[in-house]
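> Provide a 3D model corresponding to the input given below.
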Amino acid sequence: MFETILCQVTEYDPDILEPLIGLAVEIAREGREGRRVGTLFTLGDEHAVLARSRPLILDPLLGHPESSRQVTNLNLRGTIKELAQLDGGFVVSHHGIVLSGCRYLDAVAAQVDVPLGLGSRHIAAANMSAVTRAVGIVVSESSLVRLFCHGQLVGEIIPEVWMMDHAAQHLRGNVKREQVGELTILTPNLRQGPITK
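Residues are numbered from 1 along each chain as shown. Take a look at the predicted model:
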């Protein structure tokens, strides 16, 4: 479903990245208890991410079996959605195991070019993706999902059709727009040409 974005992030297994993006889209669409929820996931380079982050509360995922914390485990999705209401982000291993939740990312400000108007989650994801080999996936409280790789914004997913008229496009230059069901996916268009509408 997310082939365009998966082409932007080639370092990770699509069988892990795609369900994680899907979970982020679900959180963006559904929110929790009738309100919008924002959160952040990092995927890969888990040792470096854990070294550059710290828990905000006692880790609610600590001690549970790896099979229960696999991102493809459907039983985990509800737990992640509940924990997403709390501050902090989730650290997901290269193999798709959610290692930790409710973490504060201490990534020192790197040379990242985050578009104006994006908040601290986006800056944290961009910075962490610049100083590690992790991918940052941000669920904005405005219901957009953005992906950062190597400190760059590489994709935006707009899960609500009605938001297309209200969403600010933060990707610069030529942008490819792809419609997948009710989702709109925006990625950098590496081919020269006009912006696709």
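> When you work out contacts or count neighbours from here on, use the C-alpha atoms and nothing else.
Fine.
> what ranges do the helices span in the protein?
3-8, 14-30, 46-51, 74-83, 120-131 (DSSP state H).
> Highest mean neighbour count out of those helices?
helix 120-131 (a mean of 24; mean count of other CA atoms under 10 Å).
> Chain neighbours aside, what residue packs nearest to the residue positioned nearest the centre of the chain?
Residue closest to the mean C-alpha point of the chain, counted by CA atoms, centre = their mean, is residue 137 at 1.2 Å. Excluding the flanking residues, the one nearest residue 137 by CA to CA, 6 or more residues apart in numbering is residue 147, at 4.6 Å.
> contacting residues for the one you found?
If you count contacts by CA atoms under 8 Å, 6 or more residues apart in numbering, residue 147 has them with 135, 136, 137, 138, 153, 154, 155, 156.
> Quick check: it vs residue 64, distance?
28 Å (CA to CA, to the nearest Å).
> about what we covered before: show me what the residue nearest to residue 137 is bridged to.
When assigned by DSSP bridges, residue 147 has beta-bridge partners residue 137, residue 155.
> related to what we said a few turns ago, which of the contacts of residue 147 lies closest to residue 53?
Proximity of those to residue 53 (CA to CA) peaks at residue 136, which lies at 13.5 Å.
> Please report how far that closest one lies from residue 64.
24 Å.
> Kindly report the same for residue 48.
Residue 48 is 22 Å from residue 64, by CA to CA.
> same deal with residue 106?
For residue 106 relative to residue 64 (CA to CA), the value is 25 Å.
> The two: which is more packed in?
residue 106 (15 against 10; other CA atoms under 10 Å).
> Would you mind measuring from the more buried one to residue 89?
Relative to residue 89, and taking CA to CA, residue 106 is found at 11 Å.
> what about stretch 63-81, how long is it end to end?
19 Å.
> so for that stretch, what's the average pLDDT?
Rounded to a whole number, the mean pLDDT of stretch 63-81 is 93.
> give me the low-pLDDT residue ranges for the protein?
Low-confidence segments of the chain (pLDDT under 70): 1, 3-7, 107, 109-110, 160-172, 190-197.
> Residue 122 contacts residue 141, doesn't it?
No: assessed by CA atoms under 8 Å, residue 122 is found out of contact with residue 141, at 11.2 Å.
> Was I right to think residue 98 contacts residue 72?
No: if you go by CA under 8 Å, residue 98 and residue 72 don't touch, sitting 10.2 Å apart.
> who has more neighbours, the two?
Neighbour totals were compared for residue 98 and residue 72, and residue 98 leads with 25 against 19 (other CA under 10 Å).
> Spatially nearest residue to the more buried one, not counting backbone neighbours?
residue 92 (4.3 Å).
> pretty sure the one you found is touching residue 48, no?
No: using CA under 8 Å, residue 92 makes no contact with residue 48, being 11.7 Å away.
> Show the contacting residues for the residue nearest to residue 97 when sequence neighbours are not counted.
In space, and not counting its chain neighbours, residue 97 is closest to residue 70: 4.4 Å by CA to CA, 6+ apart. Shown in contact with residue 70 (CA under 8 Å, 6+ apart): 76, 96, 97, 98.
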